[in-house]
Every structure is written in C-alpha cells, then in structure tokens.
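Peer 1: Have a look; sequence and predicted model below, questions after that.
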Amino acid sequence: MPASEALARARADAADLAAQPARMEVRELNAHFGVVHAVKDVSMPIPEKRVTAVIGPSGCGKSTFLRTLNRMHETVPTARISGTVLLDGQDIYAPAVDPVSVRRHVGMVFQRPTAFPTKSVRGNVAAGLGVLRSVGERVDVDERVEEALRRAALWDEVKDRLDVSALELSGGQQQRLCIARALAMNPGVLLLDEPTASLDPLSTEKVEDLVRQLREDITVVMVTHNMEQAARVSDQTGFFLHGELVELSPTSQLFTRPGDTRTEAYITGRFG
Amino acid sequence: MVDEILAGPPGEAEGPPVEPAQPRVGIHGGGFGDRIYSGVITLSALCVPALLLLIFWVITKAGWLALHTFGFGFLTSSQWDSVKQQYGAAPALYGTLVSSFVALVLATPLALGVAIFLSEFAPAWLRRPVAFLVDLLAAIPSVVYGLWGIFVLVPFLRSWVMPFLRDTLHLGATPFFSGPAYGPSMLAAGVILAIMILPYISAVSREVLMAVPRSQREAALALGATRWEMLWGAAIPFARSGIAGGVILGLGRALGETMAVTMVIGNRQEIATSLFAPGYTMASLIANQFTEATSDLNLSALMAVGFVLFVVTLLVNAGARWLVWRTSLETSI
C-alpha cells in the first residue's frame, strides 16, 4: 500500500475513533502489586463498538491494565489502585459501586479456557445467568444460551451436544464457550486477555473472526502478544512498556507510522 | 531387516562379523547391581499386598467355622450366646453402620464449614493456628476420647441433649429419638466418632479447596459472581470429588474405630431403632469378647466378625479409590 494511501487511511480511522463516544475512559490510572508499580499514569479512551488492542512485551502491565477495567485486579491480595475508570461516565472505583455489578457489565475472557469442568456445555453458558436472576432480571435460560452460543459462533458445532461435559470440547471450542459464557450476560464491554495464546492457528482465526463480529454490538478490549492479531482485528492499539502507555493510535497508523521510537523498535522486532 | 541395517552396508554383510569394540549400550537391563537392586525393591513392593492377602486369608480361615456353621444367618441373627453356642453379628454390623452414618451426618457439614472458612474466609494470620488446632484433634488418643466421652459427653447428652431432642423438639414421637435417656448410646458413639473424624474430612476438604485453580475462581468472579456464588458455583463443584474422598476417608476411620466407641456405646447385643438406646459395633464386640472366648466356635465367630468388618472397610476404601480416580479423570484438562 502506497504511503499516501496509508496516511489517508490512518487519518480516516483517527476521525472515526474520535467520532465514536467513549464507552469507557481511563484517567491517570495507577495499579500496584505489593511494591511493584504495574501500571503507571495511564489515560486512555475506549471508544464504543470498536476493538481496542493492547500490545507490549511480557510484564509490561498490559494484563494488569485490563484487569483494572472490571475490578478483577483487586481480587489479588496485595493489589492497590488509584485513578479513575469511567464506564458510561460513572467511576467504577467510586465507593458506592459494587465490584460485582461492574463485572456483570464488563465481561472477561482469560488466556486459557476456563470452562467449569463439572458443568455441561449448556451449564457453562448459563453459569452466570443465575446471578442475573438473583438480581431480579427475567431470563429465559434456553433462549439466552442459544443466543450466546450463536454470537460466539459455536452453536452449529455444539447444538446437538449441549448436555455433554464442557471438557469434551476442543481447546478452541472451550475458549469460544468461555466467550459465549461472558456474552450470555449481555455485557456492554468485553475484555479479552490474550484469548488465543493457547490455541492453534485455525481456532485463533475463528476467535479473530468472532471478535470482528462482536464489534457490531459491543466494545472490545483485547490484550495480545501477537502484533499481527492486533493489526488484523483492532481499531486502535495501545503500546505498553514498563507499565506506561507509550502510544495510543489508530491501528492502521501505529503499525505503519508509529509516533514513538520505542513503539517502532518494538513492532519492528528490535526488542520484546 | 533391522539387523541387516544395523550390521552396515550389504557389501560387508558377507564378510566375517566384526566384533564391536565396546558392547552396545542396551536400553534394558544394565549391570548386575541394577538387577539385584530391582529385584530387592520389587520384593519389598510385593510384600505389602502379600501381607494384606495373608491377613485376609488367616481371618477367613479362622472365621470359616462360624461362617460355615451359621451361614448367612451370621449376618442376620441377633443372638450372641456362648452357652447355647449361637452367634449372630447383626446388632454389631447394624451398630457399626449406624454409628458411622450418624458420625458422617454430624461431621461432614461441620468439617466442610471449617474447610471453607479456612480456605476462603479466614484472615491469613488465623488460618494456620486454627488449621493446626483442628488437625490436632486427630492426634488425641482414642482412649482419651473415650474417657472424655464417659465423664463429659455421656452425662451431657443424658441430662441436656436427649431430653431436648425428645421433649422440647418433640422428636420423641419418631422412633429414632424415643425411649429413656440412659446415656451410653448409639448417639453418644456417633457424636464421639464425629469429633474424631472431623479433622480428616476437614483437612482433605481444605486441601482440595485450596487446590482449586485461581483461573476457575476468577472465571466465576468475572461473570459477576459474589464470593459466595463463586464458592458454590465454581470452587466446591470443582473440588466435590475430592471432598467426597475426604468424607469416605472419615467413614473408613469411623467404621474401624474401637476404643472410644466401646467406652460410650453401651455394648448391648440388640438392634434398637432409637439412637438413645445402647448398641454395639463389630470392633467393640471383638475388643470386649476376645479374652472370654473359650470355645472354638466362639473364637471363630469373633474372627468372622473381623472378616465382615474387614470386607466392609475394604469396600469403603475401594469406593474412595474409585472416586479419587474419577476426580483425576475429570479435572485433567
């Protein structure tokens, strides 16, 4: 692609991202584990119905950053946090906010499939629905399960074996099952922590296709080790190094004309 | 084929075989010392099952006379009369099963509560001391439990618990809590057994709960589960087979426990529905009677009781093994 065309595309993407309202917004966020300062003064808008990728070398704080977005970080005993994270304009760290309700709106999928081994395929997808019912929401379980599995592009593969143990699915299917489980809660934001790190290339491709589809209705933040993956599926990319957000740019720009020499060094493979 | 290839190119195969300068290093066997060593450890490994089979054989042989004389009636008859030479182990078999069952019913919820508290809710500084004290229950000698049972537990049951259950809660209307409160009873045996097996169940449950992967807990929390929902929806289901294994381990202990039970159960050869009535267990029967067994048939009957106890315990342990095996299948991803 000629340079001028790339520039034009980056500009168009930047305009598109700017036009999109921020579903979440992070302001001057700091996160610690004991004495480790894992995330340093990070500020970042997360535009609605777009995919935000977070890249960086191992230990750069990108997973910790992701875990601050649904208050999972604080489940670790020595964790501390300061700063503001807005979800639809509300600070999720405000004293009156219950972390449990934050996690109902901001879903999360982990690096390795975490299917519940004693539950069936259906039981896994429905696992969170009991929680919704306990807060007074009317839920048709079968309907929700089917919808979630369809959205996770898994329905056709498992519709005839909804009652088998989740462990009978392949690794890639289990990961999509975990995505379906998160989607069944109808979250506005979905956090993916290296969702394809333990998958084979074919399953990876399926998950990437899925992420592109999810972008139609929800906001996605994805941590990835794989720069090609970030380039393929994301709209904006943030590059983390030593806990700092070095650069946040439209993906088409970050990978072609990085604004920071450290980003350039990383994406051209000089370190990390 | 393989030999030809190993021997070298075909041209050389015609010639006299070339002795290799060094013996080939084989993958089996090895030196003389290795063979002796492997022989010795194989022998010692075989000794243990051999011992088990030997005990089984001796007990069966010694109990054969009684088993042969009374047949299946040995398990169903309540008569134990050394004058008439009539022996039936039904009350003891019943007592063993019922006292162990009562112990499980009392100990399992309590032990699970302790395990959940220690693994999930206790502050770090409290965890170790409480776990240590609970584990210490297992270190108290059985006879000390028995003594405590006679002087503390039995009077307490007689003057407070039994009247409370029977009259205040009106459970006296049911056959299980009716009749006079003597004190020494099936209930006393069940309670003392419950205290004795509690540390086993709680230690195993605590370990399996702590072994639940963090990823499983986080997966539940990420769905918006509270700590309590995470516990019942993810951690306990994940650990359930292990917990069941712990319960069965406790059951195995309860079935064979002798001294403390003998001291509080009342030792009466009769099947009574009421838990307030005295009873007997197989282990107590053997402990009480072996010094007085004079005739061959009497001795043989005691051995036969040992045989039945052995078989029951074996079945329970086999059940535990099977559960653990199934757990490892289920949780290996």
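Peer 2: Arrived safely, thanks for sending.
Peer 1: Briefly note if stretch B:226-234 comes near chain A.
Peer 2: Yes. Contact of stretch B:226-234 with chain A is found when judged by C-beta under 8 Å from any C-beta of the partner chain, involving B:226, B:229, B:233-234. C-beta coordinates here come from the backbone N, C-alpha and C atoms, glycine included.
Peer 1: now swap in stretch B:125-145 and tell me
Peer 2: No. Stretch B:125-145 stays clear of chain A (C-beta under 8 Å from any C-beta), getting no nearer than 12.5 Å.
Peer 1: Kindly export that stretch (C-alpha atoms) in CSV.
Peer 2: Coordinates of each C-alpha in stretch B:125-145 appear next as CSV, following Å, rounded to 0.1, in the frame of the first residue of the first chain:
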residue,chain,number,x,y,z
TRP,B,125,-3.0,-14.9,60.5
LEU,B,126,-5.8,-17.0,61.7
ARG,B,127,-5.5,-19.7,59.1
ARG,B,128,-2.5,-21.6,60.4
PRO,B,129,-3.4,-21.7,64.1
VAL,B,130,-7.0,-22.8,63.5
ALA,B,131,-5.9,-25.4,61.0
PHE,B,132,-3.3,-26.7,63.4
LEU,B,133,-5.8,-27.0,66.2
VAL,B,134,-8.3,-28.8,64.1
ASP,B,135,-5.6,-31.2,62.8
LEU,B,136,-4.6,-31.7,66.5
LEU,B,137,-8.0,-33.4,67.1
ALA,B,138,-6.6,-36.3,65.1
ALA,B,139,-3.6,-36.6,67.5
ILE,B,140,-5.7,-37.2,70.6
PRO,B,141,-5.5,-40.9,71.6
SER,B,142,-8.7,-42.8,71.1
VAL,B,143,-8.9,-43.9,74.8
VAL,B,144,-8.7,-40.2,75.9
TYR,B,145,-11.7,-39.5,73.7
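Peer 1: Give the buried residues for that stretch.
Peer 2: Residues B:127, B:131, B:134, B:137, B:142, B:145 are the ones in stretch B:125-145 that count as buried (16 or more other C-beta atoms under 10 Å in any protein chain shown).
Peer 1: again, but for stretch B:69-83
Peer 2: B:69-70, B:74-75, B:80.
Peer 1: Looking at the residues you listed, which are in helices?
Peer 2: B:69-70, B:74-75 (DSSP state H).
Peer 1: Tell me the one of the residues you listed nearest residue A:195?
Peer 2: Closest approach to residue A:195 among these (C-beta to C-beta): residue B:75, at 60.1 Å.
Peer 1: that older thread, could the buried residues of stretch B:125-145 be laid out in TSV, adding pLDDT and secondary structure?
Peer 2: As requested, these are exported to TSV (pLDDT from 0 to 100; DSSP: H, G, I helix; E, B strand; the rest coil):
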residue	pLDDT	secondary structure
B:127	91	helix
B:131	92	helix
B:134	92	helix
B:137	92	helix
B:142	95	helix
B:145	96	helix
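Peer 1: Once you drop chain neighbours, what's closest to residue B:70?
Peer 2: Once flanking residues are discounted, residue B:70 sits nearest to residue B:87: 6.3 Å by C-beta to C-beta, 6 or more residues apart in numbering or on different chains.
Peer 1: typo on my end, residue B:82
Peer 2: Of all residues not flanking residue B:82 in the chain, residue B:298 sits nearest, at 5.2 Å (C-beta to C-beta, 6+ apart).
Peer 1: Please compute how far the one helix or strand the one you found maps to lies from its chain's middle.
Peer 2: Assessed by DSSP states H and E, residue B:298 sits inside helix B:296-331. Centroid separation between helix B:296-331 and its chain, computed with C-alpha atoms, centre = their mean, to the nearest Å, is 9 Å.
Peer 1: OK, contacts around the residue nearest to residue B:82?
Peer 2: B:82, B:85, B:87, B:289, B:292 (C-beta atoms under 8 Å, 6 or more residues apart in numbering or on different chains).
Peer 1: if you set the cut-off to 10 Å instead, what comes out?
Peer 2: Residues near residue B:298 by C-beta atoms under 10 Å, 6 or more residues apart in numbering or on different chains: B:66, B:80-82, B:85, B:87, B:289-290, B:292.
Peer 1: near chain A, which residues of the stretch 101-250 of chain B?
Peer 2: Contact residues (C-beta under 10 Å from any C-beta of the partner chain) of the stretch 101-250 of chain B with chain A: B:124, B:213-227, B:229-230, B:232-234, B:236-241.
Peer 1: make it 7 Å
Peer 2: Contact residues, the stretch 101-250 of chain B versus chain A (C-beta under 7 Å from any C-beta of the partner chain): B:215-216, B:218-219, B:221-226, B:229, B:233-234, B:237-238, B:240.
Peer 1: Just the buried subset of these, please.
Peer 2: Looking at those with 16+ other C-beta under 10 Å, the buried ones turn out to be B:216, B:218-219, B:221-226, B:229, B:233-234, B:237-238, B:240.
Peer 1: Which residue lies nearest the spatial centre of chain B?
Peer 2: For chain B, residue B:252 is the residue whose C-alpha lies nearest the centre (C-alpha atoms, centre = their mean; 1.9 Å).
Peer 1: so where does that residue fall, helix or strand?
Peer 2: Taking DSSP H and E as the criterion, residue B:252 maps to helix B:236-256.
Peer 1: helices or strands up against the following helix or strand past that helix?
Peer 2: Per DSSP H and E, the first helix or strand lying C-terminal to helix B:236-256 is helix B:259-264. Under the contact criterion of 3 or more C-beta pairs under 7 Å, 6 or more residues apart in numbering or on different chains; DSSP states H and E, helix B:259-264 touches helix B:142-148, helix B:186-210, helix B:282-289.
Peer 1: follow-up on the earlier one: give me the beta-bridge partners of the residue nearest to residue B:70?
Peer 2: Beta-bridge partners for residue B:87, by DSSP bridges, are residue B:80.
Peer 1: now it: how far from residue B:298?
Peer 2: Using C-beta to C-beta, to the nearest Å, residue B:87 is found at 7 Å from residue B:298.
Peer 1: Tell me if I'm right that residue A:69 and residue A:106 touch.
Peer 2: Yes. Counting by C-beta atoms under 7 Å, residue A:69 does reach residue A:106; the two are 6.0 Å apart.
Peer 1: Looking at the two, which one has more neighbours?
Peer 2: residue A:106 (27 against 22; other C-beta atoms under 10 Å in any protein chain shown).
Peer 1: who's in contact with the more buried one?
Peer 2: Residue A:106 is in contact with A:69-70, A:87, A:187, A:189, A:191, counting by C-beta atoms under 7 Å, 6 or more residues apart in numbering or on different chains.
Peer 1: So which of the residues you listed is the closest to chain B?
Peer 2: residue A:70 (6.7 Å; C-beta to the nearest C-beta).
Peer 1: Would you list the phi and psi of that closest one?
Peer 2: phi -130, psi 20 (degrees, to the nearest 10).
Peer 1: ok, it - how many residues close by?
Peer 2: 27.
Peer 1: What distance do you get for it to residue A:14?
Peer 2: Applying C-beta to C-beta, the value for residue A:70 to residue A:14 is 27 Å.
Peer 1: can you count the residues close to the residue of the stretch 1-150 of chain B found nearest chain A?
Peer 2: Using C-beta to the nearest C-beta, the single residue of the stretch 1-150 of chain B nearest to chain A is residue B:124, 8.1 Å away. Here the number of neighbours of residue B:124 (other C-beta under 10 Å) works out to 7.
Peer 1: On the three-state scheme, the residue nearest in space to the middle of chain A is what?
Peer 2: Nearest to the geometric centre of chain A sits residue A:191, at 2.4 Å (C-alpha atoms, centre = their mean). Following DSSP: H, G, I helix; E, B strand; the rest coil, residue A:191 is assigned to strand.
Peer 1: That one - nearest residue in space that isn't next to it in sequence?
Peer 2: Of all residues not flanking residue A:191 in the chain, residue A:108 sits nearest, at 4.4 Å (C-beta to C-beta, 6+ apart).
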